[in-house]
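In: only geometry, no sequence info:
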């Protein structure tokens, strides 16, 4: 590919938070209590907060390493590719990989930011979370305008505070938050409770997409304690079907018709079957379960509300018209182990391309500039 | 369709055990302790064994009822269609639905027969299990020769006894057993332990297929206690991907190359994505996880070992060549709520047909006469 031809928009990448991230963002009175990086005797670097230590898992920062060296042990900053945590190096890696723009999920706070919720001092927790978001928007994303889709964390321990943070973020130009795929699995009320209504209302009012990443329930699909890690890796993407079904049949979709949900790292090739299964479940069971979408089929409702994405998914690309071409985005997953960086542009299995800042149906609905698929012949 | 044109072979139906089933099969000394049907004050009939009571769930015996009447409450024999538990009525229903042959899973012992394992007296447990199998083969199936694919239970509490029961069953002409999709979830050693080797060896030695039904781990995909039942119903089939991945990457496949596994009620439309995900997981990770199929891809290994099936699955039928046409069977799921009985022959979405007693690639491998798909044009 031509080095200037940056056509890829990635809706799921990951950043490793640099040790200095809270400097200049956390109020002085919380500086001592803010999360800090500690170097351990085993050579690894961990984040420390409120008595907990969170390692950087090696498998989550392997971009550019030989595959023989992949592993799940904790790692250190000096063992990672600098593009994991250094914004200037990240941009170089994005350029090398044909990536025009990127949305970056958090690492140490967990995808849902649930780490901050463990602090007994909830004023501290909120100050840390806002400092995190300010760093993400004002330093990480702002260093290269137009190259990042900013994403915010919300204070999951309080739905009203979530709503306020969504409004604050939207005023800063942020139209995507990261949220858990299953709040019930984290001990909070489920998607079927009215508990979260202030959050959903704020997302609708401010055109903010709810991005739900696989694993954000704190649970991975582990079949048995002694199962090979290949089992868990295989099951990760499709496992997000649980969140998709949970939300599709929930009151969230019915009460908040403007809500938009991105299924992050979930893949796409299983979606046609899933849509058919939704419709069959409706057809066979709605007369006794009472489900009602005002005469519409669940598959139609899905296409209005859900954005899917893929790293490399020849089955999903072949079936793109059964999914809905405007409902499919691409992701790089840099610097995680499933990423195709830096070879995605040469992937060769794409007979479609991802158009930069496409103004397709879903992109308009979600209110942000996400590239979705376009047939190459019409490009 | 022509009433004489019975072309459908169902690899997943269900029987509701009749109250008299143990008469004539259980040794006299265990007669008092054998499972018994009790009529409850609420009008429901339950099976009683070893201090436990197991209801017949209404949703599992709804064949022929209006959908408005479906529900999960316990039911009674006189509220069920007699074809649920009466072999002569079952045959009439099979005839009406175009079903030539049927494999019937158990109801009250659970799919894996785990109910019998709770008995403190393991000699009693084994006597009951063998009486169950004898009734199933010698009464249920034998009443209409050629119309049933017999299926046995195994004593899950003891792998050596499992092996002996497999041999005993094979001598009676039984070449399919029902087993749990995840023994670890039931508190037994996982598929990754050598614990089960006697069972796998017996299955290989006697050409017995291991049929694994969704829900046979005792766990359904329940996202939250207050989730609508539609969520669980939607997720049921695809959720068997956990068992498929667990077994595919396990030592079972590597150590027992003749082992054959049927994924019962798992659907088919998600399989092409799953196969691609298996191969990508291998490609991206085998160098550090150490997986090794002697140079073959996991998708090739899957096609050698797994039979899939569907009730009604237009996506899976469209993608049948990406799955492997010899790896797809059909199921009726009578008398459960997802069944298409009695209208399957008129389904109209089939541009393939299920050939009776097909001698295709998988059928030969599994050693029993299972009908798999054939292109209609070549029929």
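Out: Alright, I've got the coordinates. Everything quoted here is computed from the prediction, not taken from an experiment.
In: Write down the beta-bridge partners of the closest residue to residue A:44 other than its chain neighbours, one by one.
Out: Nearest residue to residue A:44, sequence neighbours excluded (C-beta to C-beta, 6 or more residues apart in numbering or on different chains): residue A:74, at 3.8 Å. (C-beta placed from N, C-alpha, C; glycine too.) For residue A:74, the beta-bridge partners are residue A:57 (DSSP bridges).
In: Can you give me the distance of residue A:74 to residue A:261?
Out: 32 Å (C-beta to C-beta, to the nearest Å).
In: do the same with residue A:327
Out: In this view, residue A:327 and residue A:261 are 11 Å apart by C-beta to C-beta.
In: just residue A:219 next, same as before
Out: Separation of residue A:219 from residue A:261 (C-beta to C-beta) stands at 19 Å.
In: Compare these two and say which is more crowded by neighbours.
Out: Set residue A:219 next to residue A:261 and count neighbours by other C-beta atoms under 10 Å in any protein chain shown: residue A:261 wins out with 24 against 13.
In: and that one, bridged to which residues?
Out: Counting by DSSP bridges, residue A:261 is bridged to residue A:210, residue A:306.
In: if I look at it, how far off is chain B?
Out: Per C-beta to the nearest C-beta, to the nearest Å, residue A:261 is found 15 Å from chain B.
In: What residues does that residue make contact with?
Out: Residues near residue A:261 by C-beta atoms under 8 Å, 6 or more residues apart in numbering or on different chains: A:209-212, A:247, A:305-307.
In: just the angle between the helix ranked longest in chain A and helix B:271-289, please?
Out: Secondary structure of chain A per DSSP state H: the longest helix is helix A:271-289. Interaxial angle of helix A:271-289 relative to helix B:271-289 (axes from the mean of the first three to the mean of the last three C-alpha atoms, to 10 degrees): 120 degrees.
In: For chain B, tell me whether helix A:271-289 is touching it.
Out: Yes: judged by C-beta under 8 Å from any C-beta of the partner chain, helix A:271-289 and chain B are in contact via A:272-274, A:276-278, A:280-282, A:284-289.
In: what about residue A:73, neighbour count?
Out: Neighbouring residues of residue A:73 were enumerated by other C-beta under 10 Å; the total is 10.
In: where does the nearest residue to it once chain neighbours are set aside sit relative to residue A:179, distance-wise?
Out: Excluding its sequence neighbours, the residue lying closest to residue A:73 (C-beta to C-beta, 6+ apart) is residue A:58, at 5.3 Å. Going from residue A:58 to residue A:179 by C-beta to C-beta gives 26 Å.
In: can you check residue A:335 too?
Out: From residue A:335 over to residue A:179 (counting by C-beta to C-beta), the distance is 23 Å.
In: Could you tell me which residues of the stretch 251-379 of chain A lie near chain B?
Out: Contact residues (C-beta under 8 Å from any C-beta) of the stretch 251-379 of chain A with chain B: A:267-270, A:272-274, A:276-278, A:280-282, A:284-289, A:291, A:312-316, A:319, A:322, A:337-338.
In: If we use 7 Å, what do you get?
Out: When proximity is defined as C-beta under 7 Å from any C-beta of the partner chain, the stretch 251-379 of chain A approaches chain B at A:267, A:269-270, A:272-273, A:276-278, A:280-281, A:284-285, A:287-289, A:291, A:312, A:314-316, A:337-338.
In: and the closest residue to residue A:152 other than its chain neighbours, what pLDDT?
Out: With sequence-adjacent residues excluded and distances taken as C-beta to C-beta, 6+ apart, residue A:152 is closest to residue A:169, at 4.1 Å. Here the pLDDT value assigned to residue A:169 is 96.
In: so how many other residues sit close to the residue nearest to residue A:82 when sequence neighbours are not counted?
Out: Using C-beta to C-beta, 6+ apart and skipping the chain neighbours, the partner closest in space to residue A:82 is residue A:89 (4.0 Å). For residue A:89, the neighbour count with other C-beta under 10 Å is 13.
In: Tell me which other helices or strands the helix or strand hosting the residue nearest to residue A:152 touches.
Out: Per DSSP states H and E, residue A:169 falls inside helix A:159-171. In terms of contacts (3 or more C-beta pairs under 7 Å, 6 or more residues apart in numbering or on different chains; DSSP states H and E), helix A:159-171 is packed against helix A:197-205.
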